[in-house]
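>>> this is a predicted model, with the sequence first.
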6 protein chains.
Amino acid sequence: MRPPRKHDNSALIVGRFQPFHKGHLQIVKIIMEQCDQVTIGIGSAQYSHTLENPFTAGERHLMISESLRDEGLERFFIVPVEDINRSSAWVTHVVSIVPPFNKVFSNNALTKRLFKEAGYKVMAAPMYNRHDYSGTEVRRRMLDGGDWESLVPTAVSEVIQEIDGVNRIRDLAGKDGE
Amino acid sequence: MRPPRKHDNSALIVGRFQPFHKGHLQIVKIIMEQCDQVTIGIGSAQYSHTLENPFTAGERHLMISESLRDEGLERFFIVPVEDINRSSAWVTHVVSIVPPFNKVFSNNALTKRLFKEAGYKVMAAPMYNRHDYSGTEVRRRMLDGGDWESLVPTAVSEVIQEIDGVNRIRDLAGKDGE
Amino acid sequence: MRPPRKHDNSALIVGRFQPFHKGHLQIVKIIMEQCDQVTIGIGSAQYSHTLENPFTAGERHLMISESLRDEGLERFFIVPVEDINRSSAWVTHVVSIVPPFNKVFSNNALTKRLFKEAGYKVMAAPMYNRHDYSGTEVRRRMLDGGDWESLVPTAVSEVIQEIDGVNRIRDLAGKDGE
Amino acid sequence: MRPPRKHDNSALIVGRFQPFHKGHLQIVKIIMEQCDQVTIGIGSAQYSHTLENPFTAGERHLMISESLRDEGLERFFIVPVEDINRSSAWVTHVVSIVPPFNKVFSNNALTKRLFKEAGYKVMAAPMYNRHDYSGTEVRRRMLDGGDWESLVPTAVSEVIQEIDGVNRIRDLAGKDGE
Amino acid sequence: MRPPRKHDNSALIVGRFQPFHKGHLQIVKIIMEQCDQVTIGIGSAQYSHTLENPFTAGERHLMISESLRDEGLERFFIVPVEDINRSSAWVTHVVSIVPPFNKVFSNNALTKRLFKEAGYKVMAAPMYNRHDYSGTEVRRRMLDGGDWESLVPTAVSEVIQEIDGVNRIRDLAGKDGE
Amino acid sequence: MRPPRKHDNSALIVGRFQPFHKGHLQIVKIIMEQCDQVTIGIGSAQYSHTLENPFTAGERHLMISESLRDEGLERFFIVPVEDINRSSAWVTHVVSIVPPFNKVFSNNALTKRLFKEAGYKVMAAPMYNRHDYSGTEVRRRMLDGGDWESLVPTAVSEVIQEIDGVNRIRDLAGKDGE
């Protein structure tokens, strides 16, 4: 008989990935070098079609999985994580829907505090150039017609093209007629 | 036997109608000239008693139905539509609770984009004087003691009087004593 | 100036109408003879595609409005009413989304009790042949290939035909493959 | 046989109590002098771990009960009250989960208006020094390292110490690394 | 300065209490002899007006508090606990809304298992005559006109009389007229 | 530049997998032979700790991923899918959280009908010995002490052992002490 399966070197990273950019990719690659397995939680999964959260969880899943496969990476899971308006139960909620993990990587203050209070080992996500690579900046450039493609992996720009993502953002920014 | 009932010239228009004003009335009248049937969706139906959304869906239903009847109009339905925090499912939600329609009129960016992605024909709501007629302006005048009555149909000012609506808005704007 | 609008002879009737049958039509017609206005609440509005609740609120709206119009009736409103799992707040919920009413007609024990506790005048819905006309019986005949058309108004059987309703019910009754 | 139990001098007071401070304590003490019984509703009960709402309902329960017991007070109940995004049903919701009361004390505009529309007797909460004693001020001082302890009852500062509350607030204010 | 407040001998007991009967009272009394403090969670708090859950959380709160006060008991808290359809997060939910406890008493299989998996010390509720004293039996007798009063504390039968509880149950059991 | 990524041979299969058994594994393997990619939706994802739904979505994720990896399979995604009590919006909900697919495999009547009405190509899941391999049978044997291990892949029995799953089911079946 085989020994019990080990999950003692598995990481969880949660982000909104609106969209998944090169900074995110860099983080995932560094974590994968240190861990046997990475679960990527797509946060705020229920939201889409707003300027802050333009893409659905399914679209973000596609962006991430295609980007990682282009890098030849395989030891990852992607799980949509809906926001629940009850911070005290959020960690339990996450734990109940993802495979086992024993390290959490995050730079988000709330995420870090909640996992810490729940007794998890929380580590700062690896550093990257946060000025250049940020979801806010990517979305701003999409809106203003700037060069957003250079900030995201090739697979992400292809997915956004397939789903007509730039026009979606521009339409959403249109003047509201109540 | 009668031929199948036709719904191929039916319109849907969705708004918050906080409150229903003369600009709204003008839009509905123009659409009714072009369509056999109009369904008016009362958006954000679950909200009330805030400065942005002072009136309940039932109160807004009364404002609209009385205004349209005063105009002798009859080929309309009024349906409360609650917000759901999941944009991607909103169109399906609306479709499942209103009678059939094949044209959507809206000037709201999100509404237009969502129906467009779902394959519906979306048209800009007919133009009217949007500077003078706006819900925001009506509510502002209620609060400040200005002449809001001239911006709304007679029926609407009567309903607001019956429900003591101006005092509601002024009370809600009162200083919070938490 | 006109006198305040009166709503002191307006009725509310709530049912699931799965589907709207001749017994329901008879009830609505009798109430309309006694009242100036009738609001028909489509209960359990969020449910559809089950054997108990096969039709969406939108489909039920169409069944009812077409049936009443075939009878030349006009003084009615149709409002979808979602179940909320909090009985104590249900009456307040209903009141907040429908136009004013001062009489409630119902034969449902819970509906009657809740409106009674909230201080409303509740009357038994007018009698009709409940053995022959019942939603359960209509759905049973649809499933078994019996004559369900004779139990519903013509408009209802036409709507059900348009939406392929009988096949929906038969598909839903199909053997489950987990 | 005993006479029916009386609840005709019972008060309800609802607040967020983030955290419970000396101004709150003063209000409760004055109301208790006038009433036989006080129910303290902990509003926005489901929220915690944000800068506006750092403490859970359970932690706030402990702060309040320990503070009142330190004062030798006993005729009180503490009930968590979750926000529901449907103002029109909020009073009914509250009434269904707390013991009977016949007076409401509040300085909050929405709370006062909603209870007033529902027919309750609403009274302004007794005055206290609102400049010095406010939840906002207490949280600001926790964040900035100021003297927050002097603004809250001893029991509250002990509870906050036990749960490491000051570090929680400071962590939550940390720079977000999304 | 006082030593840190201790909560290391505090119990939690959760039940539906539909209604609170003499068996429940006996359990609470025995636990109070062993513990410094008891928190009584009113489970399924959002439900009422059904044959299984006839009474609101507020009515049950009154039944319990009056019964315990009649016994001269004071070291208790009563907290409504709503069901959440996510078993895995239920313990966290409860913990976030009640004051601290370190022992859980329950005879309910799910409650016991969930607290056990969360690492809590779970003890069987003290024995009592469960054949005679059960909520099901009390409700059955109310419906059938039997002697239910002898199964509940005096305060409970008084509360049920005040709220016309027996007629509520009988009305709810009335024949449904769909 | 690469050609647009193709997703025109991708399958979706949704099930509760309580637990994942050899019949499920056989289905997935057959579908994988026909399709480039398979997304496995874990239905009723929010439920756990009941006799019908004993395992969390996270535990089921682990059972499935470990079983498929033991078979050397890689072209799969696993996505938790929560039930929403609004059948008409369920397909849209699923589509919004999973990567693109163009074929749906299911033997469940409701799932098949809903995807069919939404215009998807729905195929019966490949046949397997449904008498021997069924979640109901596996759970029954766990409860009764029968040989359940032979009905599930090795990885599943290991996961269930690690999480003490058999005792969980037996505890949940224990006598309720309300």
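Structure received. Numbers count the residues shown, from 1 in each chain, chains lettered A, B, ... in the order given.

>>> any idea of the angle whichever strand or helix holds A:Trp90 forms with helix E:87-97?
Element membership of A:Trp90, judged by DSSP states H and E, is helix A:87-97. Interaxial angle, helix A:87-97 versus helix E:87-97 (axes from the mean of the first three to the mean of the last three C-alpha atoms, to 10 degrees): 160 degrees.

>>> the strand or helix carrying A:Val166 close to chain B?
Using DSSP H and E, A:Val166 falls within helix A:165-172. Yes: counting by C-beta under 8 Å from any C-beta of the partner chain, chain B is contacted by helix A:165-172 at A:168, A:171-172. The way it works is simple: take the backbone N, C-alpha and C, and place the C-beta from them, glycine included.

>>> ok, the residues you listed vs F:Glu66, which is closest?
Nearest to F:Glu66 among the residues of helix A:165-172 next to chain B: A:Arg168, at 37.8 Å, using C-beta to C-beta.

>>> so that closest one makes contact with A:His49?
Yes: A:Arg168 is within contact range of A:His49, at 7.1 Å (criterion: C-beta atoms under 8 Å).

>>> what do these two both touch?
Counting by C-beta atoms under 8 Å, 6 or more residues apart in numbering or on different chains, the common neighbours of A:Arg168 and A:His49 are B:Arg113.

>>> packing partners of the helix holding A:Val166?
On a contact count with 3 or more C-beta pairs under 8 Å, 6 or more residues apart in numbering or on different chains; DSSP states H and E, helix A:165-172 meets helix A:135-144, helix B:109-117.

>>> what mean pLDDT does stretch A:56-67 have?
When pLDDT is averaged along stretch A:56-67, the result is 98.

>>> what of stretch A:147-155?
Rounded mean pLDDT across stretch A:147-155 is 97.

>>> show me where chain A has strands.
Per DSSP state E, chain A carries strands over the ranges A:10-15, A:37-42, A:76-80, A:103-105, A:122-123.

>>> pLDDT on the first one, on average?
This points to strand A:10-15. Mean predicted lDDT for strand A:10-15 stands at 95.

>>> give the partner strands of that strand in its sheet and their orientations.
In the sheet, strand A:10-15 lines up against strand A:37-42 (parallel), strand A:103-105 (parallel) (DSSP bridges).

>>> off-centre distance for that strand?
Centroid separation between strand A:10-15 and its chain, computed with C-alpha atoms, centre = their mean, to the nearest Å, is 9 Å.

>>> give the buried residues for that strand.
A:10-15 (16 or more other C-beta atoms under 10 Å in any protein chain shown).

>>> can you lay out the residues you listed as TSV showing distance to B:Val81?
TSV is the format used below for the buried residues of strand A:10-15 (distance: C-beta to C-beta, whole Å):
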residue	distance to B:Val81
A:Ser10	43
A:Ala11	42
A:Leu12	37
A:Ile13	37
A:Val14	32
A:Gly15	32
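
>>> out of those residues, who's nearest B:Val122?
Distances from B:Val122 to those, taken by C-beta to C-beta, are shortest for A:Gly15, at 32.8 Å.

>>> that closest one - nearest residue in space that isn't next to it in sequence?
In space, and not counting its chain neighbours, A:Gly15 is closest to A:Gly43: 5.9 Å by C-beta to C-beta, 6 or more residues apart in numbering or on different chains.

>>> burial measure for A:Asn129, as a count.
Using other C-beta atoms under 10 Å in any protein chain shown, A:Asn129 has 10 other residues around it.

>>> stretch A:94-113: end-to-end distance?
Stretch A:94-113 has an end-to-end distance of 14 Å (C-alpha to C-alpha, to the nearest Å).

>>> what's the mean pLDDT across that stretch?
Mean predicted confidence for stretch A:94-113 is 93.

>>> how about it: buried residues?
Applying 16+ other C-beta under 10 Å to stretch A:94-113 flags A:94-101, A:103-113 as buried.

>>> contacting residues around stretch A:104-115?
Against stretch A:104-115 from outside (C-beta under 8 Å, 6+ apart): A:11-15, A:27, A:31, A:87, A:90-91, A:120-126, D:49-50, D:168, D:171-178.

>>> what's the offset of it from the middle of its chain?
On C-alpha atoms, centre = their mean, the centre of stretch A:104-115 falls 14 Å from that of its chain.

>>> how about A:Asn129, what does it touch?
A:Gly23.

>>> the one 10 residues further on now?
Under the criterion of C-beta under 8 Å, 6+ apart, the contact list for A:Arg139 reads A:18, A:51-52, A:54, A:148, A:169.

>>> how about 10 Å then?
A:Arg139 sits next to A:18-19, A:51-55, A:148, A:169, A:173 when contact means C-beta atoms under 10 Å, 6 or more residues apart in numbering or on different chains.

>>> then A:Ile27?
Contacts of A:Ile27 (C-beta under 10 Å, 6+ apart): A:13, A:15, A:38, A:40, A:105, A:107, A:125-128, A:133, D:177.

>>> okay, it: pLDDT?
94.

>>> any idea how far it lies from D:Gly174?
18 Å (C-beta to C-beta, to the nearest Å).

>>> one more: A:Gln161?
36 Å.

>>> also A:Asn167?
Taking C-beta to C-beta, one finds A:Asn167 at 37 Å from D:Gly174.

>>> so A:Ile31 sits against A:Ala11, correct?
Yes: under the criterion of C-beta atoms under 10 Å, A:Ile31 makes contact with A:Ala11 at 5.2 Å.

>>> find the residues that touch each one of these two.
Joint contacts of A:Ile31 and A:Ala11 (C-beta under 10 Å, 6+ apart) are A:37-38, A:40, A:76, A:103, A:105, A:123.

>>> among those residues, which ones are buried?
Using 16+ other C-beta under 10 Å, the buried ones in the shared contacts of A:Ile31 and A:Ala11 are A:37-38, A:40, A:76, A:103, A:105, A:123.

>>> most widely separated two among these?
A:Phe76 and A:Met123 (17.4 Å).

>>> and A:Lys175, what's its pLDDT?
A:Lys175 is given a pLDDT of 47.

>>> please apply the same query to A:Arg130.
72.

>>> gap between it and A:Leu143?
20 Å.

>>> next one: A:Asn85
Counting by C-beta to C-beta - A:Asn85 and A:Leu143 are separated by 28 Å.

>>> quick one, which of the two is more surrounded?
Using other C-beta under 10 Å as the criterion, A:Asn85 and A:Leu143 rank with A:Leu143 on top: 16 against 12.

>>> quick one: contacts for that one?
Taking C-beta under 10 Å, 6+ apart as the test, what A:Leu143 contacts is A:51, A:54, A:166, A:169-170, A:172-173.

>>> if any of those residues are buried, put those into a PyMOL selection.
Only the buried entries of the contacts of A:Leu143 go into this PyMOL selection, using 16+ other C-beta under 10 Å:
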select buried, chain A and resi 54+166+169+172
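
>>> OK, now which residue of chain A is nearest to chain D?
Residue nearest to chain D within chain A: A:Asn107 (1.6 Å; C-beta to the nearest C-beta).

>>> for that residue, give its distance to chain C.
Separation of A:Asn107 from chain C (C-beta to the nearest C-beta, to the nearest Å) stands at 38 Å.

>>> measure that residue to D:Ile78 for me?
37 Å.

>>> just confirm A:Ile169 contacts A:Ile160, I think it does.
Yes: A:Ile169 lies in contact with A:Ile160 (C-beta under 10 Å); the separation is 9.3 Å.

>>> which residues touch A:Val156?
Neighbours of A:Val156 in contact, by C-beta under 10 Å, 6+ apart: A:17, A:19-22, A:24-25, A:55, A:59-60, A:62-64, A:66-67, A:70, A:138, A:148-149, A:165.

>>> ok, A:Asn53 - contacts?
A:16, A:18, A:43-47, A:60, A:135, A:139, B:87.

>>> nearest residue to it in space, please, no chain neighbours.
Per C-beta to C-beta, 6+ apart, closest to A:Asn53 is A:Tyr47, 4.0 Å.

>>> I appreciate the help and will end here.
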